[in-house]
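In: sequence unknown, structure follows:
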């Protein structure tokens, strides 16, 4: 276990305040300052730059705070795991909304014999990464971008990113379109912070186009609602093919071929570094 100085520094890295850190630890502000100075001297590293009233954590300090958080989360999970009997094992994992629809049911089916309680949290990529950092999730299934230096990850599937419209949309043909030919359409998109929204925005940027160049942007945080709106001919959307495959096969939606849209993105199992839940990869694949 880490000594108190590391815990103090971790809290300081979050609060950016000696006063607030002291309040959280029920000690005096000079005691906080003394612990940080002692840690800096022992490590021979500058961890904090403080020019009142601004406190900044150095790059070395940020790396150390991240390491401390990882150690604390993993230690707590490991001790909790030791105390649990196999019949009471609990698993909490996360999934983005897009992935949840076509992958999560199968994942739960594969893991249900390994755990007494399984909880799946479905939200966007940004929120899931925060929950992993805070130890609230054992792992997550993500399609969005994340810091590959910060997390352990394993690709479990590659997924094609496509344009989709309702079968009655004038674009629903076998023709291949240029993206400029779609700009008069309404654009149905996931909320900001979602992985699919980020992928689409980056692709548009590479073409010197923005979302605002379309006729109208409609934001919806549920993929199933987007599919329903597409079937009612309210516009077009961009998503993973698996998300619309059922409706495409049933003849309710149509994949729209777009010149230059050739995006395949990996779906990853993501966890904190050295997380013992990485062993579940073999069960999920």
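Out: Ah, there it is. Remember, predicted model here, so these are calculated numbers, not experimental data.

In: use CA for all of it now, contacts and neighbours both
Out: OK.

In: Could you say whether residue 192 sits in a helix, a strand or coil?
Out: For residue 192, the assignment made with DSSP: H, G, I helix; E, B strand; the rest coil gives coil.

In: Show the model's pLDDT score for it.
Out: You'll see residue 192 listed with a pLDDT of 84.

In: Check the one 3 residues further on too.
Out: Reported pLDDT at residue 195 in the predicted model: 80.

In: How about residue 276?
Out: Looking at residue 276, its pLDDT reads 58.

In: tell me the centre residue of the chain?
Out: Taking CA atoms, centre = their mean as the criterion, residue 125 is the residue nearest the geometric centre of the chain, at 2.6 Å.

In: For stretch 259-273, list every residue counted as buried.
Out: 261, 265-273 (16 or more other CA atoms under 10 Å).

In: and if you look at stretch 52-60?
Out: Neighbour counts using 16+ other CA under 10 Å place 55-57 of stretch 52-60 among the buried residues.

In: do stretch 115-130 as well
Out: For stretch 115-130, a neighbour-count test (16+ other CA under 10 Å) marks 120-126, 128-129 as buried.

In: Sort out for me which of those residues are in strands.
Out: Of those, the ones assigned to strands by DSSP state E are 120-122.

In: which other residues reach the lengthiest helix in the chain?
Out: With secondary structure taken from DSSP state H, the chain has its longest helix at helix 59-83. Residues outside helix 59-83 that contact it (CA atoms under 8 Å, 6 or more residues apart in numbering) are 1, 6-7, 9-10, 13, 45-48, 89, 133-135, 272-273, 275.

In: Also stretch 198-207?
Out: The contact list for stretch 198-207, computed with CA under 8 Å, 6+ apart, reads 144, 192, 210-211, 238.

In: Which one of those residues sits in the busiest neighbourhood?
Out: Comparing the contacts of stretch 198-207 on neighbour count, residue 238 comes out first with 22 neighbours (neighbours: other CA atoms under 10 Å).

In: What segments of the stretch 151-285 of the chain are strands?
Out: 151-166, 176-177, 186-189, 216-219, 236-240, 253-258, 263-272 (DSSP state E, counting those that start in this stretch).

In: Can you lay out the ones you listed as TSV showing distance to residue 199 and mean pLDDT?
Out: Putting those into TSV (distance: least, CA to CA, whole Å; pLDDT from 0 to 100) gives the following:
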stretch	distance to residue 199	mean pLDDT
strand 151-166	9	91
strand 176-177	20	94
strand 186-189	11	95
strand 216-219	15	94
strand 236-240	9	94
strand 253-258	15	95
strand 263-272	9	89
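
In: Check those strands for me and report the most buried one.
Out: Scoring the strands of the stretch 151-285 of the chain by mean neighbour count under mean count of other CA atoms under 10 Å gives strand 236-240 as the most buried, with a mean of 24.
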